[in-house]
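Peer 1: Just to be clear, the model below is a prediction. Sequence and coordinates:
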Amino acid sequence: MITRMKERGIEPGLLRIFRYFTGIAMIYYAALVGYTAIQTGEGDTIPQIQSYLNFGINAILLGYLFWRWLERKLKRYYLPLALITATVVPIFSNLIYLAEPQEDAYLTIMRSWLLFPIMVVPLVLIAWQYRFRYVITFILFATIVEYSVLLPKIWPIYFETAPILGVPLIRAFAFGTVGHIVTRLIDTQRMQQRELIRANVQLGQHANTLEQLATSRERNRLARELHDTLAHTLSGLAVNLEAIKFILRRDQSEVREMLDHALRNTREGLMETRRALKDLRAKQLEELGLGIAIRNLIHDGASRAGFEFKINISGNLADLTPDVEQCYYRVAQEAVQNIVKHANAIYASVKLVEDKGVLTLVIGDDGSGFDMSDVDFEDNLGLKGMHERASMVGAKLDVSSHPGEGTTIQLSMELPYGQGLDM
């Protein structure tokens, strides 16, 4: 019975109820010993022996239920052993009365029904923790033991003694009814808990969707404002610098050189502003998906910086929540931008794969690299931003770089329950 019980965590509150019952039973049997001794003036009668046995077993069981070390050591066997003890000992302690010659079938039945309140508690705990088939095992065990005691007392069976055989069946039916009710209630509660978890996951995803929608709207608003202010200002500045350069005298070479430098910086700033405006809208991530969006990033970066590249992106990526997609996209975007602006790379590679529930993004280059010990992550806003985005979704970011040997950025995340899976 122990080895076939399905391994599962002990239901919340079950051990507390079990300890309470065991403590009350111990007090009851201690009082019964004292009452019997006062009534009979003796200390070794069969009722007292039975009470001694039950008191001792319940005292041991109470200590067992409070011993956390045993719970950690025995693991899945811990609770079944306690339940078997609480079931078997009361039943077999009742067999002590068989030693009395005057014990007949009617007294045996009466004593059996006196065990009913004590047996109900282990029955309820079994139904609470396990499935109904274990309740049936409990009932069959108690019924078989009772019939093994009754049959020798009423054999051969006569018409007058036959009704006695129906009494254990009545008790078995009562046990079965109680066990079935408890099992159904617990199954309903577990189903409601699963539904609540599913609803919480869906609510969280809905909240993320609303947050992403609000973020997208805010980005679009910022993009419009930047386009109407900074982009127009830089465009106007570039035109003015061109006009100043046109009216300069040819002998003012130093001024002309300074104007060329300012004009280059202005045009580069305007180009970066337009790129930032495009990234603020981030439509391709929403419309094309993470894989294609990252593929477009590396194509765009290679066209600007002139490096060769290799792409390995899985075609069957899991359905990700918007915040996880944003994290991977923004980290890839920052990594590609660093290759374009700082790496002077000849070759770059991008890998985005999902393996055994872990989504991994690796972006590497053979560029100039840098010394990790010289980097202040608090001052380097690009690396700091990547780490912050990773921590927000529970991902792990690793940056590896050496001077002259290039840089590798790896972002990995174990996909949580519910992402890419049907609940």
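Peer 2: Arrived safely.
Peer 1: Strands along the protein, start to end?
Peer 2: Along the chain, counting by DSSP state E, strands occupy 308-313, 347-355, 358-365, 396-402, 406-414.
Peer 1: Make a markdown table out of these and add distance to Ala162 and mean neighbour count.
Peer 2: To be clear about C-beta, it is placed using only N, CA and C from the backbone, and glycine gets the same treatment. Below are these laid out as a markdown table (distance: least, Cβ to Cβ, whole Å; neighbours: other Cβ atoms under 10 Å):
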| stretch | distance to Ala162 | mean neighbour count |
| --- | --- | --- |
| strand 308-313 | 79 | 13 |
| strand 347-355 | 70 | 17 |
| strand 358-365 | 69 | 21 |
| strand 396-402 | 74 | 15 |
| strand 406-414 | 66 | 19 |
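Peer 1: Tabulate the ones you listed (CSV), appending mean pLDDT and distance to Leu259.
Peer 2: Output for the strands of the chain, formatted as CSV (pLDDT from 0 to 100; distance: least, Cβ to Cβ, whole Å):
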stretch, mean pLDDT, distance to Leu259
strand 308-313, 90, 36
strand 347-355, 91, 35
strand 358-365, 93, 35
strand 396-402, 90, 37
strand 406-414, 92, 36
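Peer 1: Relative to Val135, which of those is closest?
Peer 2: When these are compared by Cβ to Cβ, strand 406-414 sits nearest Val135, at 38.7 Å.
Peer 1: Hmm, Val350 and Lys310 touching each other?
Peer 2: Yes. Using Cβ atoms under 8 Å, Lys310 is in contact with Val350, at 7.5 Å.
Peer 1: List the buried residues of stretch 121-129.
Peer 2: Of the residues in stretch 121-129, 121-129 count as buried by neighbour count, 16 or more other Cβ atoms under 10 Å.
Peer 1: which of the residues you listed sit farthest apart?
Peer 2: Val121 and Gln129 (12.7 Å).
Peer 1: if I look at His342, how far off is Gly406?
Peer 2: 11 Å (Cβ to Cβ, to the nearest Å).
Peer 1: correction: Ala86
Peer 2: 67 Å.
Peer 1: what's the domain layout of the protein?
Peer 2: 14-155, 288-423 (automatic domain parsing).
Peer 1: Of those domains, which shows the lowest average pLDDT?
Peer 2: Confidence, taken as mean pLDDT, is least for domain 14-155 of these (a mean of 79).
Peer 1: Distance from that domain to the middle of the chain?
Peer 2: Taking Cα atoms, centre = their mean, to the nearest Å, one finds domain 14-155 lying 39 Å from the centre of the chain it belongs to.
Peer 1: just stretch 337-347 next, same as before
Peer 2: Offset of stretch 337-347 from its chain centre (Cα atoms, centre = their mean): 40 Å.
Peer 1: got the CA positions of it in PDB?
Peer 2: Coordinates of each C-alpha in stretch 337-347 appear next as PDB, following Å, rounded to 0.1, in the frame of the first residue of the first chain:
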ATOM      1  CA  GLN A 337      24.500  48.200 -32.500                       C
ATOM      2  CA  ASN A 338      27.700  47.700 -30.500                       C
ATOM      3  CA  ILE A 339      29.100  45.500 -33.400                       C
ATOM      4  CA  VAL A 340      28.300  48.300 -35.900                       C
ATOM      5  CA  LYS A 341      29.700  51.200 -33.800                       C
ATOM      6  CA  HIS A 342      32.600  49.700 -31.900                       C
ATOM      7  CA  ALA A 343      33.700  46.300 -32.900                       C
ATOM      8  CA  ASN A 344      35.200  46.800 -36.400                       C
ATOM      9  CA  ALA A 345      34.200  43.200 -37.000                       C
ATOM     10  CA  ILE A 346      34.700  41.200 -40.200                       C
ATOM     11  CA  TYR A 347      32.400  38.400 -39.100                       C
END
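Peer 1: Can you point out the buried residues in it?
Peer 2: Result for stretch 337-347 [16+ other Cβ under 10 Å]: buried residues 337-340, 343, 345.
Peer 1: So which of the domains of the chain is nearest Arg275?
Peer 2: The closest approach between Arg275 and any of the domains of the chain, judged by Cβ to Cβ, belongs to domain 288-423 at 8.7 Å.
Peer 1: Backbone torsions only: list them for the residue of the chain positioned farthest from its centre.
Peer 2: In the chain, Asp251 marks the outermost C-alpha relative to the chain mean, sitting 74.2 Å out by Cα atoms, centre = their mean. When read as degrees, to the nearest 10, the backbone of Asp251 gives phi -80, psi 0.
Peer 1: Could you report the distance from it to Leu263?
Peer 2: Applying Cβ to Cβ to Asp251 and Leu263 gives a distance of 20 Å.
Peer 1: that older thread, of all the strands of the chain, which lies closest to Ala25?
Peer 2: strand 406-414 (46.8 Å).
Peer 1: Which strands border the closest one, and is each parallel or antiparallel?
Peer 2: Applying DSSP bridges, strand 406-414 is found paired with strand 358-365 (antiparallel), strand 396-402 (antiparallel).
Peer 1: now those strands in a markdown table, with distance to Gln50?
Peer 2: Shown next, in a markdown table, are the strands paired with strand 406-414 (distance: least, Cβ to Cβ, whole Å):
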| stretch | distance to Gln50 |
| --- | --- |
| strand 358-365 | 60 |
| strand 396-402 | 62 |
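Peer 1: wait, which of those strands is closest to Tyr29?
Peer 2: strand 358-365 (56.5 Å).
Peer 1: Now tell me what touches the closest one from outside.
Peer 2: Contacts of strand 358-365 from elsewhere in the structure, counted by Cβ atoms under 8 Å, 6 or more residues apart in numbering, are 294, 307, 317-318, 320, 324, 328, 331-332, 335-336, 339, 343, 345, 347-354, 406-415.
Peer 1: tell me the angle it makes with strand 347-355.
Peer 2: Counting by axes from the mean of the first three to the mean of the last three Cα atoms, to 10 degrees, strand 358-365 lies at 180 degrees to strand 347-355.
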